[in-house]
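Participant: Fold the following, please.
(one chain, ligands or ions: 2)
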Amino acid sequence: MATRRVFPSPFRAFASSNRAFTPPSMPLALASVARVFAVASGKGGVGKSTTCVNLACALAALGHRVGLLDADVFGPSVPTLMHLRGAPAIDARGQMLPLENHGIRCQSMGFLMPDGGAAVWRGPMVSGALTKMINETRWGEIDVLMIDMPPGTGDAQISISQKIPLTGAVIVSTPQEVALADARRGIDMYGKVNTAIVGVVENMAYYLERDGTKAYVFGEGGARRTAKERGVPFLGEVPLDTRIRAQSDEGVPIVVADWDGAVARIYRGMAEQLISSTKPFERVE
Ligand SMILES: Nc1ncnc2c1ncn2[C@@H]1O[C@H](COP(=O)(O)OP(=O)(O)OP(=O)(O)O)[C@@H](O)[C@H]1O
Ligand SMILES: [Mg+2]
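Facilitator: Ligands and ions are numbered 1, 2, ... in the order given. Here you go, the predicted model:
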């Protein structure tokens, strides 16, 4: 009988080693960046990309110069959410120019694949693609880099932590137990790579009925409790709202489409917390 070889995930191998994790230095291409936030969750489909893009837009509206890196090389969402298509222009030095919309400079595998389709790659190729997107993009002067992470706690997460110093991770979860279990795994993983959790976002927390009452479709307050139990900050609740989905599909995030609305106010509050609760990196010269 053939023996099945079990390849340990790089994260497990990393976590079980006794070496302390040393964060990388800031890549030169991102020399001006004062803060880097990875928006993550163990589970897929909980709203990481939606949260990341809306937080990026809120930060931009608050006056920060924002870059957005789509680290989901298998299922990039940034082209759709930011209404951007096509390949980046290349400058005389061979650097890619980020695509820009809503005042945010974006880089995504979706711009680099001919049909915007998904890549079918192994770990080292993913890592190589991330390196290229980080180092070979002319990000220019930006203050905050938001990273839209793929689901899971594997190769891409470790790879990013080894390439860019993170100010912290934002963990997105819906209130159900299945999502919360993955959120806990996400929180623990970032702990192992010495990355602070800047906060947990409870997405699709409730549905607002016509009469203004909140219907807790997926259960009440699970992410808030998880944050408390793990001793990390809670950033807030985002409702399950058709307009959030519709605006995402249109490529005009709700924060841009309705800056004065209740949902934008929630994202704005979270964006302010991201800045006020963290310290900037010293600038790399
Ligand atoms: N608060 C919300 N209200 C309504 N729809 C939402 C909300 N948050 C996200 N969605 C919708 O849920 C779907 C999944 O969201 P999104 O793509 O942001 O999740 P994700 O965690 O990034 O997924 P993946 O793991 O595939 O990267 C999208 O159709 C999005 O528009
Ligand atoms: Mg996503």
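
Participant: give the contact list for residue 278.
Facilitator: Contacts of residue 278 were listed using Cβ atoms under 8 Å, 6 or more residues apart in numbering, and they are 35, 167, 168, 196, 198. Placement of C-beta: from N, CA and C, glycine included.

Participant: which residues of the stretch 1-150 of the chain fall in helices?
Facilitator: Assigned by DSSP state H, counting those that start in this stretch, the helices in the stretch 1-150 of the chain fall at 10-16, 48-61, 78-81, 109-112, 123-135.

Participant: most tightly surrounded among these?
Facilitator: Among these, judged by mean count of other Cβ atoms under 10 Å, the one packed with the most neighbours on average is helix 48-61 (a mean of 26).

Participant: How far off centre is that helix?
Facilitator: 9 Å (Cα atoms, centre = their mean, to the nearest Å).

Participant: One more: stretch 98-106?
Facilitator: Relative to its chain's centre, stretch 98-106 lies at 16 Å (Cα atoms, centre = their mean).

Participant: how about it as CSV, C-alpha atoms only?
Facilitator: The C-alpha trace of stretch 98-106 is given here as CSV (Å, rounded to 0.1, in the frame of the first residue of the first chain):
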residue,chain,number,x,y,z
PRO,A,98,-0.7,50.6,-9.1
LEU,A,99,-4.3,51.0,-10.5
GLU,A,100,-6.2,53.8,-8.7
ASN,A,101,-9.8,54.4,-7.9
HIS,A,102,-11.6,56.2,-5.0
GLY,A,103,-8.2,57.7,-4.3
ILE,A,104,-6.7,54.4,-3.4
ARG,A,105,-3.6,52.8,-5.1
CYS,A,106,-4.3,49.1,-5.7
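
Participant: Could you check it and say which residues are buried?
Facilitator: 98, 99, 101, 102, 104, 105, 106 (16 or more other Cβ atoms under 10 Å).

Participant: How about stretch 203-220?
Facilitator: For stretch 203-220, a neighbour-count test (16+ other Cβ under 10 Å) marks 203, 204, 205, 206, 218 as buried.

Participant: picking that back up, any quick PyMOL command for the buried ones out of the contacts of residue 278?
Facilitator: Restricted to buried positions by 16+ other Cβ under 10 Å, the PyMOL selection for the contacts of residue 278 reads:
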select buried, resi 35+167+168+198
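
Participant: Just flag the most distant two among the contacts of residue 278.
Facilitator: The most widely separated members of those, counting by Cβ to Cβ, are 35 and 196 (11.4 Å).

Participant: Which neighbours do those two have in common?
Facilitator: Taking Cβ under 8 Å, 6+ apart as the contact criterion, the common neighbours of residue 35 and residue 196 are 167, 278.

Participant: wait, isn't residue 61 in contact with residue 272?
Facilitator: No. Taking Cβ atoms under 8 Å as the contact criterion, residue 61 and residue 272 are not neighbours in contact, 11.0 Å apart.

Participant: show me where this structure has strands.
Facilitator: Secondary structure of the chain (DSSP state E): strands located at 35-40, 66-70, 99-101, 104-108, 144-148, 168-173, 197-203, 207-208, 214-215, 234-238.

Participant: neighbouring contacts of the third one?
Facilitator: Read it as strand 99-101. Contacts to strand 99-101, defined as Cβ under 8 Å, 6+ apart, come from residues 82, 83, 84, 86, 88, 105, 106, 107, 108, 111, 251.

Participant: Let's have those residues in CSV, adding pLDDT.
Facilitator: Supplementary listing: these in CSV, determined by pLDDT from 0 to 100:
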residue, pLDDT
82, 98
83, 98
84, 97
86, 91
88, 95
105, 98
106, 98
107, 98
108, 96
111, 93
251, 98
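
Participant: Show the model's pLDDT score for residue 254.
Facilitator: Residue 254 is assigned a pLDDT of 98 by the prediction.

Participant: Any idea how far apart the tips of stretch 135-147 sit?
Facilitator: Length of stretch 135-147, first residue to last, Cα to Cα, to the nearest Å: 14 Å.

Participant: Any residue of that stretch touching ligand 2?
Facilitator: No. Stretch 135-147 stays clear of ligand 2 (Cβ under 5 Å from the ion), getting no nearer than 11.2 Å.

Participant: Quickly check: that stretch near ligand 1 or not.
Facilitator: No. Taking Cβ under 6 Å from any ligand atom as the criterion, stretch 135-147 and ligand 1 are apart, separated by no less than 12.0 Å.

Participant: and if you look at stretch 49-62?
Facilitator: Yes. Taking Cβ under 6 Å from any ligand atom as the criterion, stretch 49-62 and ligand 1 are in contact, through 49, 50.
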